[in-house]
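Asks: Build me a structure from this.
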Amino acid sequence: MIQDKKQLITIDNLFKILQSLKYVIFEDKLNIVVLRSSNQNAGKFDDIECVFWKQDNEWILHTFTCTADPSDLYLKNPLSTLGCGILVPGQHIDSWCYGKHKGYSALVQLKKLTVIRDNNKDSILDYNRPKVYDKCKVTPNGYNVVTRWYKDDKVIFVEECGLIGLDNHRASQFSVVPDVGLYSAACIVIQYPRGWDMFISYIREWKDKQNNRFTIALVTEQQFDKGLNMEYTSTSTKVEENNVSTISELTPLSTLRTTTTDAIPIFCKPQADSPVEVKYGIRKNPFVRNEE
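Replies: Prediction:
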């Protein structure tokens, strides 16, 4: 499981993995990467959210225990008739902004995202697209779009692309809860209160520097493992692992030690403003990859 591989989450390895997926690495923005565990049993905080940025020609990395999946409670009792939402892996460019989630500061969904709709009402996360099917049908669902896969005229898999309120927020404000419970119906949720306070402080620090748009790359554990075996191609100084300190929620900030490397730029395509952008009064950025 990804929690057992924390010692492998370094700047060097994150660069290898992101480069293997051809994802953008920002030198002038906050980078956010969520590593999803291969464990398909829902309900636990078994994923890891990473934030890293370049400061004074050095890279700083911080990690947080989280979940990138809905809980077993919502899998069994989905809020949507289509089923419970599970965010698809990918780098979702400029898809969140600093806003309010249930009255407190968090990252709020800004752009259309694609979620898998798990509707068999068990506690297992079903997120693998079918390899064998008869047809695929796309239909509108208000502002959103629903895609259904069929086998023998029976729906076997459903995805929805649109605005569903998939935010990045905390669990309990006061204590460390062991289970996800009611805290996630699809959202990315950080488990530790102190960890959340540190995470949202970084968001506040960077929001004005990057036009209040945040990118999150969701990487599966399988992609993480495969990326570690790829050849690393830095355009500057390769990071030495013994010079990098990955810190957890309870590590003092004074212990941060980092080194530097360069990013491989990837250009993005235009995407239209969404209703959330209108709500938060955010200026359109013409360089956004369209994930649809």
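
Asks: Check which residues of stretch 44-64 are buried.
Replies: 44-54, 59-64 (16 or more other C-beta atoms under 10 Å). Yep, even glycine has a C-beta here, placed from its N, CA and C like the rest.

Asks: Report the distance from that stretch to the chain centre.
Replies: Using C-alpha atoms, centre = their mean, to the nearest Å, the distance from the centre of stretch 44-64 to the centre of the chain it belongs to is 12 Å.

Asks: how long is it from one end to the other?
Replies: One end of stretch 44-64 to the other measures 14 Å (C-alpha to C-alpha, to the nearest Å).

Asks: Going forward, the N-terminal residue is numbered 129.
Replies: Sounds good: first residue 129 from here, last item stretch 172-192.

Asks: now that stretch: mean pLDDT?
Replies: Here stretch 172-192 scores 97 as its mean pLDDT.

Asks: so where's the stretch 229-378 of the chain uncertain?
Replies: When residues are selected by pLDDT under 70, those of the stretch 229-378 of the chain lie in 359-378.

Asks: ok, which stretches of the protein are helices?
Replies: 139-148, 200-204, 321-335, 349-356, 403-408 (DSSP state H).

Asks: I'd like those laid out as a markdown table, including distance to residue 292 and mean neighbour count.
Replies: Below are the helices of the chain laid out as a markdown table (distance: least, C-beta to C-beta, whole Å; neighbours: other C-beta atoms under 10 Å):
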| stretch | distance to residue 292 | mean neighbour count |
| --- | --- | --- |
| helix 139-148 | 26 | 22 |
| helix 200-204 | 12 | 20 |
| helix 321-335 | 21 | 17 |
| helix 349-356 | 23 | 17 |
| helix 403-408 | 11 | 14 |
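
Asks: right, and the ones you listed - which one's nearest residue 296?
Replies: Distance to residue 296, taken as C-beta to C-beta, is lowest for helix 321-335 among these, at 8.4 Å.

Asks: Please work out which residues outside the closest one touch it.
Replies: Surrounding helix 321-335, the residues in contact under the criterion C-beta atoms under 8 Å, 6 or more residues apart in numbering are 157-158, 177, 179, 181, 190, 192-193, 225-226, 233-235, 297-304, 318, 342, 376-378, 381.

Asks: Filter those residues down to just the buried residues.
Replies: The buried subset of those (16+ other C-beta under 10 Å) comprises 157-158, 177, 179, 181, 190, 192-193, 225-226, 233-235, 297-299, 318, 342, 377.

Asks: coming back round to it: give me the subset of the contacts of helix 321-335 lying in strands.
Replies: Restricting the contacts of helix 321-335 to those inside strands, with DSSP state E as the criterion, leaves 177, 179, 181, 190, 192-193, 225-226, 233-235, 297-298, 318, 342.

Asks: So which of those residues is the closest to residue 352?
Replies: Nearest to residue 352 among these is residue 177, at 13.4 Å by C-beta to C-beta.

Asks: could you list every residue that touches that closest one?
Replies: Contacts here follow C-beta under 8 Å, 6+ apart; on that basis residue 177 touches 160-163, 191-194, 196, 296, 316, 318, 327.

Asks: if you set the cut-off to 10 Å instead, what comes out?
Replies: For residue 177, the set of contacting residues under the criterion of C-beta atoms under 10 Å, 6 or more residues apart in numbering consists of 160-163, 190-196, 296, 316-319, 323, 327, 344, 346.

Asks: end-to-end on stretch 193-203?
Replies: In terms of C-alpha to C-alpha, the two terminal residues of stretch 193-203 are separated by 21 Å.

Asks: This completes my enquiry, with thanks.
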